[in-house]
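Engineer: generate a structure from the sequence data that follows.
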Amino acid sequence: MGIFSIFSKEKKEVLDDGLSKTKENFFSKLSRAVVGKTKVDDEVLDNLEEILITSDVGVDTTLKIIKRIEERVARDKYVGTSELNTILKEEVAALLEENNTTDYVEFSLPEGKKPYVIMVVGVNGVGKTTTIGKLAHQFKKVGKKVVLGASDTFRAAAVDQLIIWAERVGVQIVNQGMNADPASVAYDTLQSAVSQNADVVIIDTAGRLHNKVNLMNELNKIKRVMQKVIPDAPHEILLVLDGSTGQNAFEQAKQFTATTEVNALALTKLDGTAKGGVVIGISDQFKIPVKYIGVGEGIDHLQVFNRKEFVDSLFNN
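Structural biologist: The predicted structure follows:
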């Protein structure tokens with residue numbers, strides 16, 4: 001079975017729709033960049049560089065892509081503008097592959113980690129709690145027992161929102177209300193999950209960046225306390241970023257990766273933006289796998305990130 005056949009037609013349509021604004025923006029600019037041109041020359045490459053940067057691929061990643069295309073043009077002597085889309089697609093795919101971006105095809109958990117503990121981090125407003133709710137839904141749908149922990153006790157709204165998601169999805173939640181000790185909530189959540197033989201635990205955390213020292217201390221305390229219950233917890237630290245914020249998402253990634261050991265990324269709100277190129281840039285710059293992407297508001301519109309499907313959808317105009 002090929003990788004493309006694993007994706008249902010419905011999932012593919014959701015992905016295509018979710019990336020439509022990015023595609024429309026990118027290809028309209030690309031067509032203008034090559035109008036009247038038959039050969040990929042310096043002017044076309046300069047235009048392409050500007051297009052990639054304004055699509056929030058990021059300066060460093062853009063320069064890397066342009067250099068590779070320049071090398072191909074020099075090697076092949078004559079590269080027509082009609083081939084530019086194919087070449088660009090191949091180079092982006094190669095870049096994602098080099099960055100160890102895994103081809104996730106379903107919501108699954110690694111063997112031998114039960115419960116599998118996911119600590120979710122990210123600033124307020126990026127869709128963190130919604131991502132947790134949708135993630136819980138997906139895990140439950142494949143038969144996993146899920147327990148949520150409401151450790152974002154800084155805002156009452158965060159606790160309330162997670163409770164609503166737990167009820168909607170039909171999973172257990174451990175919460176102690178606003179202003180409770182976040183580490184205490186995480187500890188109780190893991191104890192509850194172990195006693196129930198749960199498969200996966202998802203811990204929400206506060207999304208404050210105004211005081212990085214306090215944030216780092218809080219996240220480290222949560223990790224230390226969880227390790228009293230499960231020595232190697234958390235197994236996954238998932239950073240949620242709002243794809244529609246473009247370069248701001250890069251800055252948030254920089255801040256969080258400096259304060260905690262992020263090992264997975266979720267890019268949300270890609271359906272509402274023309275800045276989908278941020279997925280390519282962040283994957284390249286931080287060498288952290290993009291694991292999930294949000295491509296719509298529906299409960300099933302959080303998808304596992306699949307490099308081949310993403311590139312195929314982005315470049316099949």
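
Engineer: could you give the bridge partners of residue 264?
Structural biologist: As for beta bridges, residue 264 partners with residue 238 under DSSP bridges.

Engineer: okay, now it: neighbour count?
Structural biologist: Residues contacting residue 264 under the criterion other CB atoms under 10 Å number 19. The C-beta positions use only the backbone N, C-alpha and C, and glycine is treated the same way.

Engineer: wait, is residue 178 part of a helix?
Structural biologist: No - read with DSSP: H, G, I helix; E, B strand; the rest coil, residue 178 is coil and lies in no helix.

Engineer: ignoring the adjacent residues along the chain, who's closest to it?
Structural biologist: Excluding its sequence neighbours, the residue lying closest to residue 178 (CB to CB, 6 or more residues apart in numbering) is residue 156, at 4.1 Å.

Engineer: ok, now residue 214?
Structural biologist: Per CB to CB, 6+ apart, closest to residue 214 is residue 208, 7.4 Å.

Engineer: tell me which element that neighbour falls in.
Structural biologist: Residue 208 belongs to no helix or strand when elements are defined using DSSP states H and E.

Engineer: could you do residue 134 as well?
Structural biologist: Using DSSP H and E, residue 134 maps to helix 128-141.

Engineer: orientation of the next helix or strand along the chain from that helix relative to helix 128-141 in degrees?
Structural biologist: Scanning forward in sequence from helix 128-141 by DSSP H and E, the next helix or strand is strand 146-151. Angle, strand 146-151 to helix 128-141, by axes from the mean of the first three to the mean of the last three CA atoms, to 10 degrees: 160 degrees.

Engineer: hmm, who's touching strand 146-151?
Structural biologist: Strand 146-151 is contacted by residues 115, 132, 136, 139-140, 158-159, 162-163, 165-166, 169, 171-176, 182-183, 185-186, 188-190, 192-193, 196, 198-206, 222 when judged by CB atoms under 8 Å, 6 or more residues apart in numbering.

Engineer: show me the contacts for the residue nearest to residue 214.
Structural biologist: With CB under 8 Å, 6+ apart, residue 208 has these contacts: 123, 124, 154, 214, 215.

Engineer: just put those residues in TSV and tack on distance to residue 40.
Structural biologist: Shown next, in TSV, are the contacts of residue 208 (distance: CB to CB, whole Å):
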residue	distance to residue 40
123	40
124	44
154	52
214	51
215	46
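
Engineer: report the two of the residues you listed separated the most.
Structural biologist: 124 and 214 (14.7 Å; CB to CB).

Engineer: the more surrounded of the two?
Structural biologist: The neighbour comparison of residue 124 against residue 214 (other CB under 10 Å) goes to residue 124, with 15 against 12.

Engineer: surely that one and residue 155 touch.
Structural biologist: Yes - assessed by CB atoms under 8 Å, residue 124 is found in contact with residue 155 at 7.2 Å.

Engineer: pretty sure residue 204 sits in a strand.
Structural biologist: Yes - checked against three-state DSSP, residue 204 lies within a strand.

Engineer: any idea how far it lies from residue 108?
Structural biologist: Using CB to CB, to the nearest Å, residue 204 is found at 22 Å from residue 108.

Engineer: give me the pLDDT for the most centrally placed residue in the chain.
Structural biologist: The structure's the chain has its C-alpha centroid closest to residue 266; by CA atoms, centre = their mean the separation is 2.1 Å. You'll see residue 266 listed with a pLDDT of 95.

Engineer: may I have the secondary structure class of it?
Structural biologist: What three-state DSSP gives for residue 266 is strand.
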